[in-house]
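# turn this into a structure:
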Amino acid sequence: MNMRKVWAWAMAAAVCAALAGCGQTEETVEEEQYLTIGAAAEGAFDLLVNNATGQDITAFAMKTGVEETYPASMMGSEDVWKNGETAEVFYLPEETEEMEMETETDVVFQPSYQAQVTLADGSVYELTALGLEDLDGEVSLCMEEEVLYVTYTSKTSGDTVSTKEQEMAAIAQQKAMEEAEAQAESQAAQEPAQSAPAQSEPVQTAPAQQPVQSAPVEQIPEQTTEGCLTEGGGPVFN
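Residues are numbered from 1 along each chain as shown. Below you'll find the model as predicted:
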């Protein structure tokens, strides 16, 4: 009987120890803290983003594709998003007319989102292909060959998605646009020089000619009827 009591107490102690261990595990998970970027708000996207760029990140900003400029950094001035660290990013997009549009074909166009990332060496990169509605779980922020991109699990397909090719295409398009603008500016600068009339050498004008003094005209005496010859000397006027 005493042995049964001893076994009962031993079993109870083992169960308590197991429960205590589980409690500690749950408490450890709950206490895991992430660097917070942005502010939690109703309707905001809540993302877990791992910095896999190879460098620390010192500034991070997001905007919709229809906004022209990025807002101020969502990170504090003293914050450093270390390489390999996961941050919890809260992003509440600005309301725009093009956030979601339903057409006659009932196709819904999801808005595009962009992010600007500043690394510890001062270099700035941009993400142009962020489909936040399709992100499921943790996102990895990666850098290869001077191309910043993300990898994530798609909610729609369940596949792992990489935006590297999209970002490379966006970089190529931006470069082509910049080259076209530079060429247009160069041509515009050359046009005034080409259209300006060529300066000709001054024409030397001949010196003004002095008036030519003409010889005095001999005045012919007027013919009169007085003293006219009557024979062989000219006509006779009656």
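
# all the helices of this protein, residue numbers only.
Counting by DSSP state H, the chain forms helices over residues 2-30, 164-195, given from the N-terminal end onward.

# which of the ones you listed has the lowest mean pLDDT?
Set side by side, these give their lowest mean pLDDT on helix 2-30, at a mean of 53.

# under the pLDDT cut-off, which ranges of this protein? List them.
Scanning the chain for pLDDT under 70 picks out 1-31, 96-110, 192-238.

# show me where this protein has strands.
Residue ranges of the strands in the chain, as given by DSSP state E, are 35-37, 45-52, 57-64, 86-91, 101-102, 108-109, 113-119, 124-130, 135-144, 147-154, 160-162.

# in stretch 171-191, which residues are buried?
Using 16 or more other CB atoms under 10 Å as the burial criterion, the residues of stretch 171-191 that qualify are I171. Any C-beta I mention is one placed from the backbone N, CA and C, and that applies to glycine too.

# oops, could you answer that again for stretch 138-154 instead?
Here stretch 138-154 shows V139, S140, L141, C142, M143, L148, Y149, V150, T151, Y152 as buried, counting by 16+ other CB under 10 Å.

# for Q116, see how far away the closest residue in space to K155 that isn't next to it in sequence is.
For K155, ignoring the flanking residues on the chain, the nearest one in space by CB to CB, 6 or more residues apart in numbering is D136 at 4.3 Å. From D136 over to Q116 the distance is 24 Å, taken as CB to CB, to the nearest Å.

# ok, the residue nearest to K155 touching S154?
Yes - between D136 and S154 there is a contact at 6.6 Å, judged by CB atoms under 8 Å.

# just to revisit the earlier point, between D136 and Q116, which one's more packed in?
The residue with more neighbours, out of D136 and Q116 and counting by other CB atoms under 10 Å, is Q116; that gives 19 against 13.

# quickly list what that one is bridged to.
The residues listed as beta-bridge partners of Q116 by DSSP bridges are A61, E126.

# enumerate every residue touching it.
The contact partners of Q116, by CB atoms under 8 Å, 6 or more residues apart in numbering, come to A59, F60, A61, M62, K63, Y70, V124, Y125, E126, L127.

# let's see 10 Å
By CB atoms under 10 Å, 6 or more residues apart in numbering, Q116 lies in contact with 59-63, 69-71, 73-74, 124-127, 148.

# swap in E146?
S123, Y125, M168, I171.

# most neighbours among those residues, which one?
Highest neighbour count within the contacts of E146, by other CB under 10 Å: Y125, with 19 neighbours.

# surely that one touches E167?
Yes - Y125 is within contact range of E167, at 8.9 Å (criterion: CB atoms under 10 Å).

# so what sits against both of those two?
Overlap between the contact sets of Y125 and E167, as judged by CB under 10 Å, 6+ apart, is given by V147, L148, Y149.

# W81: which of those residues is nearest?
Out of the shared contacts of Y125 and E167, the one with the shortest distance to W81 is L148. That distance is 13.6 Å, counting by CB to CB.

# surely that closest one and N51 touch.
No - with contacts defined as CB under 10 Å, L148 does not count as touching N51, sitting 11.2 Å away.

# which neighbours do the two have in common?
When CB under 10 Å, 6+ apart defines a contact, the residues bordering L148 and N51 alike are V117, L119, L141, C142.
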